[in-house]
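> what would the 3D arrangement of this be:
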Amino acid sequence: MSCSSVSSFTTLFVPPKISSFSNHKPRFIHCSLGGTVVEPKTTAAAEPLLLNAVRGQDVERPPVWLMRQAGRYMKSYQIICEKYPSFRERSENVDLVVEISLQPWNVFKPDGVILFSDILTPLSGMNIPFDIVKGKGPVIFNPPTTAADVDQVREFNPEESVPYVGKALTILRREVDNKAAVLGFVGAPFTLASYVVEGGSSKHFTKIKRLAFSQPKVLHSLLQKFATSMAKYIQYQADNGAQAVQIFDSWATELSPVDFEEFSLHYLKQIVDAVKQTHPDLPLILYASGSGGLLERLALTGVDVVSLDWTVDMAEGRRRLGQNIAVQGNVDPGVLFGSREFITNRIHDTVIKAGKGKHILNLGHGIKVGTPEENVAYFFEVAKAIRY
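Next comes the predicted model:
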């Protein structure tokens, strides 16, 4: 890709009603895909902007990265998929993981570079055979349904089972060179258990709920193994270069509040407590889609950042969570199919409602397949031109 530096941002639409941002004109890189991004400074900061923002330090703008920023909407990723059609091959090969993780970094220069992987990656190392099938998604070959089945599940040893994750994170830290934060991620115990017990993705979650409500001891045994394993996995990622780690509890919001407290909150707190004992300064981000009814409970986990989905008004979410916890999000991913003016307005609306500091600008969910790549470039352009 050929890029050239320009000093103007005449393509940036700033509506007159937005008055809380300055007219600061940073340098941009104009890219052949049709968008522009802020040109990175030539010297690396002592700490990435994202870490400073999470810790409540004074920052000039909110850091920005996007969930699923490395993925199928990018032409460069599609080319890799044609050559390597197996998702597991793409996510378990060090060279491919690094290349894919860096694709959005090379084009958009986000403030967070997240490891290309999957929350189910640890399963093989826990004696849970699985695959990710194109067009179908995750497939668990022998879903555990009894106490005897759960007894066969091993606790995860990341050094032995996924050494490629550690190697990839180490390379990413070197390549990004503190110009952005390198992010790792894991699945939360209830979400992992949901995939495993359901045998894959689910619409109604009847199998996991049947287990929870008829054989709770069996499910708790499985959840405990996942909690212990994911704490180890976060520690392993941090030891190998991750500067923050996001925990995905995508399916926890299928639970009622009282059941969330029993089958998810308890184990999330275990993970956070264990990690904070060994890595007290590692920022932990928690994301659960559709979590509007559980926000206050998410904060009780002890994480540093709660990532809001787009169904929660950012100002309301900020009020409910309080000022002591950072927030992430929460632009609707569908906004990226809109006009430039519409994208700009929604970004500014989100940032204004989040207030100054302790905010990571992101989407409320992952980038959708088919999102115009030039609109993602424009999202970053607008976001990185904001000044508090």
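> ignoring the adjacent residues along the chain, who's closest to residue 49?
residue 63 (4.5 Å; C-beta to C-beta, 6 or more residues apart in numbering). Quick note: C-beta positions are derived from backbone N, CA and C, even for glycine.
> who's in contact with the one you found?
Residues in contact with residue 63, defined by C-beta atoms under 8 Å, 6 or more residues apart in numbering, are 48, 49, 50, 53, 111, 112, 181, 360, 361.
> in the stretch 1-150 of the chain, which spans are helices?
Under the criterion DSSP state H, counting those that start in this stretch, the stretch 1-150 of the chain contains helices at 49-54, 75-83, 87-92, 94-108, 147-151.
> any idea which of those is most buried?
helix 49-54 (a mean of 24; mean count of other C-beta atoms under 10 Å).
> which helices and strands sit right next to that helix?
strand 181-187, strand 244-248, strand 359-363 (3 or more C-beta pairs under 8 Å, 6 or more residues apart in numbering; DSSP states H and E).
> out of these, nearest to residue 151?
Judged by C-beta to C-beta, the one of the helices and strands packed on helix 49-54 that comes nearest to residue 151 is strand 181-187, at 21.3 Å.
> mind listing what the most centrally placed residue in the chain touches?
The chain has residue 67 as the residue nearest its centroid, 4.9 Å off, counting by C-alpha atoms, centre = their mean. Going by C-beta under 8 Å, 6+ apart, residue 67 touches 114, 287, 362, 363, 365, 366, 367.
> okay, it: pLDDT?
We have a pLDDT of 97 for residue 67.
> the one 3 residues further on too?
The predicted local confidence for residue 70 comes out at a pLDDT of 93.
> report the separation between it and residue 186.
Separation of residue 70 from residue 186 (C-beta to C-beta, to the nearest Å): 17 Å.
> same check on residue 251?
Separation of residue 251 from residue 186 (C-beta to C-beta): 14 Å.
> and if you look at residue 315?
On the measure of C-beta to C-beta, residue 315 and residue 186 end up 30 Å apart.
> of these two, which one has the most company?
residue 186 (28 against 14; other C-beta atoms under 10 Å).
> can you tell me, leaving aside adjacent residues, what's nearest to the more buried one?
residue 230 (4.7 Å).
> please apply the same query to residue 217.
That would be residue 147: by C-beta to C-beta, 6+ apart, it lies 7.4 Å from residue 217.
> centroid-wise, who is the farthest residue in the protein?
Extreme point of the chain relative to centroid (C-alpha atoms, centre = their mean) is residue 148; 33.9 Å.
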